[in-house]
Every structure is written in structure tokens, then in C-alpha cells.
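**Student:** Pasting a predicted model and its sequence here:
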Amino acid sequence: MIPDCVVDAKESRQVWDTIKVVNELDDQGELGDTIIIALGANGSFDESMGQRLLDAIGTERTVYWITAYGKFLYWQEDVNGMIEKLAEKNENLNILDWASIASEHPEWFYDDGMHLNSEGQTGYADFIAEHI
């Protein structure tokens, strides 16, 4: 859906793991002008850690951070509040409010309320493509 994109995804990745990934992609010339972050569903993070990630990306790139969602994700509000706080301080950071859309589509998820089924995977991809 997004030509020439580079995807570096890993199950259960945390914000602090991603700084190294960003630096490696940048060193390899594979860190594009538009960055999509989908982190926070596997654990919360503090403002300084989120800012370190954004500093590694730099202010010259456009960043989209997808809000965390999970039917039973008890840290969801903390994570999404932190994303909002970071967006207030970083002009190049845009929020993609997946949590609002996802909560309206329980049929997109397996019974755990977290992992997407095939219909949900399509909905997620469409959501990202429509909002960047």
C-alpha cells in the first residue's frame, strides 16, 4: 500500500529497543523522510525515553505515532497520554488515533482484544494509508 517503504517490525518491541533500530537504519541510509511508530502496546515508557527516540529520528523527518489499543490494555491511557505530551513538544510528531477507530471494531480482533485477525489487519493497513 505504501511503495518503497522500509518496515522494521518485531513482536514485543519496546520504545527503548527502537533507538538502536533507528540509528542502524539511518546509518544504512534506510531511514526515510516519513517515520511511522507503532509502539506502546507492549509496555509504557516515560517522556525522556520517548523524547530520546524522537531525537534519534530528528526534527527534519515527519513522524506519525499510532496510539496504543487493547481491550484489556491497562496502560493504554498512560501510553497515549505520553504520545500526546510528546506531540505537544515536537512539531514534526503527528498522532494517528488508532485507539478510537479500533475500539469501534471489536470484530477486527481475536478474543484477546489485542491481536488483529485478517479483517483487522486490513483495517489497520487502510487506517495508516488513509492518515499519512
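**Tutor:** Structure's in. What do you need? In this text, all values refer to a predicted model and were calculated from it rather than measured experimentally.

**Student:** In this structure residue 109 contacts residue 118, no?
**Tutor:** No - with contact defined as CB atoms under 8 Å, residue 109 does not count as touching residue 118 (11.3 Å). Where C-beta positions appear, they are placed from N, C-alpha and C, glycine not excepted.

**Student:** quick one: terminal-to-terminal distance for stretch 7-14?
**Tutor:** 16 Å (CA to CA, to the nearest Å).

**Student:** still on that earlier bit, okay, and the common contacts of residue 109 and residue 118?
**Tutor:** Residues touching both residue 109 and residue 118 (CB atoms under 8 Å, 6 or more residues apart in numbering): there are none.

**Student:** Give me the three-state assignment for residue 19.
**Tutor:** Three-state call for residue 19 (DSSP: H, G, I helix; E, B strand; the rest coil): helix.

**Student:** shouldn't it be in contact with residue 53?
**Tutor:** Yes - assessed by CB under 8 Å, residue 19 is found in contact with residue 53 at 5.5 Å.

**Student:** Of the two, which one has the most company?
**Tutor:** residue 53 (22 against 16; other CB atoms under 10 Å).

**Student:** pretty sure that one belongs to a helix, no?
**Tutor:** Yes - looking at residue 53 with three-state DSSP, it is inside a helix.
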